[in-house]
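In: Build the 3D model from these lines:
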Amino acid sequence: MTPSYGGLALEIVVPVFNEEAVLDNSIRRLAEYLTHEMPSTWKITIADNASTDRTPLIAARLSELLPNVEYRRLEVKGRGFALRNAWSASDAKVLAYLDVDLSTDLAALPPLVAPLLSGHSDISIGTRLGQSSRVSRGPKREFISRSYNFLLRRTMQVRFSDAQCGFKAIRADVARRLLPHVEDNGWFFDTELLIIAERSGLRIHEIPVDWIDDPDSRVNIKQTALDDLRGMVRVAGSLVKGSIPVAAIYAELGRRPIAAPGRPSFFGQVIRFGLVGALSTLAFALLYLVLQGPFGAQQANFLALLLTAVGNTAANRRFTFGISGPAKLFTQQFQGLVVFLLAWGITSASLMVLHSVNLDAAPGAELLTLTSANVFATLMRFVLLRLWVFRERRNFSRSGIPLTAALTSAGRVS
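Out: Predicted structure coming up:
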């Protein structure tokens, strides 16, 4: 685990904000453990992001008294910001971070950083959700954590099991490549980094940990959960738009041949379709209200549906059903327009029924009727898109094995 070049092997960043109660004891414990158990060179950096209590005084004193302990003062709050700032300035081969409460047993540190120092892996994370992990925490936080990670795996097509455990490490060269593309500076920082890393073909090593919940944790669970969900939507949009250069990162650091992500599971498709549908419905409503005055109800309905249908089909093709590239693009757009015509027929019929009952229906009543009809039309769209427009097509050999897989195992496809 000792780097051959003789430089600093490991820098552990401990982000803190108003941690005067636990900081001294935690840093002394960590330094003592590293002194006796870590064979490679190491340094601890206390990254204080805008503390207002005695944390700065305690941290400064620790940096003076303990060897290999440094203090870094930042005037901006945010765990992600603290990690980004400290990691970007480091000259260590491997960068890590721990939560200041040291909820994770420190015995997991050597196996956390070993695969990175050896060059075997790119990122290493502790997981509280592994079969051999031992975790002590309340049922509420356990349920929230498992639900979040389940949703993350199903909607973002990732395989790592625990995005939120405050016990992670990354090779410095990998961090320098990924950090410019991580936008979040708060609690979602870890998750965003891991999503980009996995989608870029990097190797993420997981180790089961022993973890004891800190009863004094001041994390706002509700607000953090909402921020995480918003972050997932933002990162998904960036991946769909191609603004995150995963192919370029793979070309430089990737561990496997890059390929299109696998088709999302049914649950993932439902969630993604719902997100696209919600945005499309909002766009439709706004367009209808703008167009209804100059064009009338029926024409406004048609134009609003047409404009949103094109964007909806494109978004569902890439985001919901995991299809990219030009193959069958125009065919699928045409089929999407056929589905649009069916949806338009349903909503037009609903307007005809409304006007047969009330010839002078107000725009609000028309919008309510159209929105209700769109709920049914949306269900129909999902079924048709999944089973017809974007159905999974596979060529099978006579043995029942997918033909591409058979050719690969025979050595005819690289």
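In: Wait, a strand at residue 135?
Out: Yes - looking at residue 135 with DSSP: H, G, I helix; E, B strand; the rest coil, it is inside a strand.
In: what about it, how many neighbours?
Out: For residue 135, the neighbour count with other C-beta atoms under 10 Å is 20. In this view, the C-beta of every residue, glycine as well, is placed from N, C-alpha and C.
In: Same check on residue 359?
Out: Neighbours of residue 359 (other C-beta under 10 Å): 7.
In: Check whether it sits in a helix, strand or coil.
Out: Residue 359 ends up coil, using three-state DSSP.
In: State the pLDDT value of it.
Out: In this model, residue 359 is scored at 78, pLDDT.
In: Break down this structure into its helices, ranges please.
Out: Applying DSSP state H to the chain gives helices spanning 23-37, 55-65, 79-89, 109-117, 139-156, 172-178, 189-199, 221-241, 246-253, 266-295, 297-315, 329-357, 363-384, 403-409.
In: Put together CSV for those helices, with distance to residue 209 on each row.
Out: Below are those laid out as CSV (distance: least, C-beta to C-beta, whole Å):
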stretch, distance to residue 209
helix 23-37, 15
helix 55-65, 25
helix 79-89, 19
helix 109-117, 9
helix 139-156, 13
helix 172-178, 21
helix 189-199, 15
helix 221-241, 20
helix 246-253, 26
helix 266-295, 27
helix 297-315, 38
helix 329-357, 45
helix 363-384, 40
helix 403-409, 36
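In: Mean neighbour count, the ones you listed: which tops it?
Out: helix 189-199 (a mean of 23; mean count of other C-beta atoms under 10 Å).
In: Give me the contacts around it.
Out: Residues outside helix 189-199 that contact it (C-beta atoms under 8 Å, 6 or more residues apart in numbering) are 78-80, 83-84, 122-123, 125, 152, 156-160, 163-164, 168, 170, 174, 178-179, 181-184, 204, 228, 231-232, 235, 239, 244, 246, 249, 261.
In: who wins for proximity to residue 9 among the helices of the chain?
Out: helix 109-117 (6.1 Å; C-beta to C-beta).
In: Least confident of the helices of the chain, on average?
Out: The weakest mean pLDDT among the helices of the chain belongs to helix 403-409, with a mean of 35.
In: for residue 121, phi and psi?
Out: Dihedral pair for residue 121: phi -130, psi 170, per degrees, to the nearest 10.
In: okay, it: pLDDT?
Out: With respect to pLDDT, residue 121 scores 96.
In: Roughly how far does it sit from residue 53?
Out: 38 Å (C-beta to C-beta, to the nearest Å).
In: Those two - which one has more neighbours?
Out: Legend: neighbour count by other C-beta under 10 Å for residue 121 and residue 53, higher for residue 121 (22 against 13).
In: Let me see the contact set for the more buried one.
Out: By C-beta under 8 Å, 6+ apart, the neighbours of residue 121 are 115, 203-205.
In: Just give me the closest of those to residue 358.
Out: residue 204 (59.3 Å).
In: Can you name the residues that contact the closest residue to that closest one other than its chain neighbours?
Out: Ranked by C-beta to C-beta, 6 or more residues apart in numbering and with sequence neighbours excluded, the top spatial neighbour of residue 204 is residue 123, at 4.8 Å. Neighbouring residues of residue 123 by C-beta under 8 Å, 6+ apart: 116, 168-171, 174, 193-194, 197, 202-205.
In: Could you do residue 279 as well?
Out: By C-beta under 8 Å, 6+ apart, the neighbours of residue 279 are residue 315.
In: now it: how far from residue 233?
Out: Note on residue 279: its distance to residue 233, by C-beta to C-beta, is 9 Å.
In: The residue nearest to residue 269 when sequence neighbours are not counted: neighbour count?
Out: Of all residues beyond its chain neighbours, the one nearest residue 269 is residue 320 (5.4 Å), with distances taken as C-beta to C-beta, 6+ apart. By other C-beta under 10 Å, 26 other residues sit near residue 320.
In: is it true that residue 320 touches residue 265?
Out: No - under the criterion of C-beta atoms under 8 Å, residue 320 is not in contact with residue 265, lying 11.4 Å apart.
In: ok, so what distance separates residue 275 from residue 130?
Out: 30 Å.
In: same deal with residue 237?
Out: 31 Å.
In: do you know how far the nearest residue to residue 207 once chain neighbours are set aside is from residue 173?
Out: Spatial nearest neighbour of residue 207, chain neighbours left out: residue 111 (5.1 Å); criterion: C-beta to C-beta, 6+ apart. Using C-beta to C-beta, we find residue 111 at a distance of 21 Å from residue 173.
In: residue contacts, residue 249?
Out: If you count contacts by C-beta under 8 Å, 6+ apart, then residue 249 has 177-178, 196, 200-202 around it.
In: from those, which is closest to residue 381?
Out: Nearest to residue 381 among the contacts of residue 249: residue 196, at 30.7 Å, using C-beta to C-beta.
In: so who does the residue nearest to residue 306 when sequence neighbours are not counted touch?
Out: Nearest residue to residue 306 in three dimensions, chain neighbours excluded: residue 340, at 6.8 Å (C-beta to C-beta, 6+ apart). Residue 340 makes contact with 305-306, 309, 313 under the criterion C-beta under 8 Å, 6+ apart.
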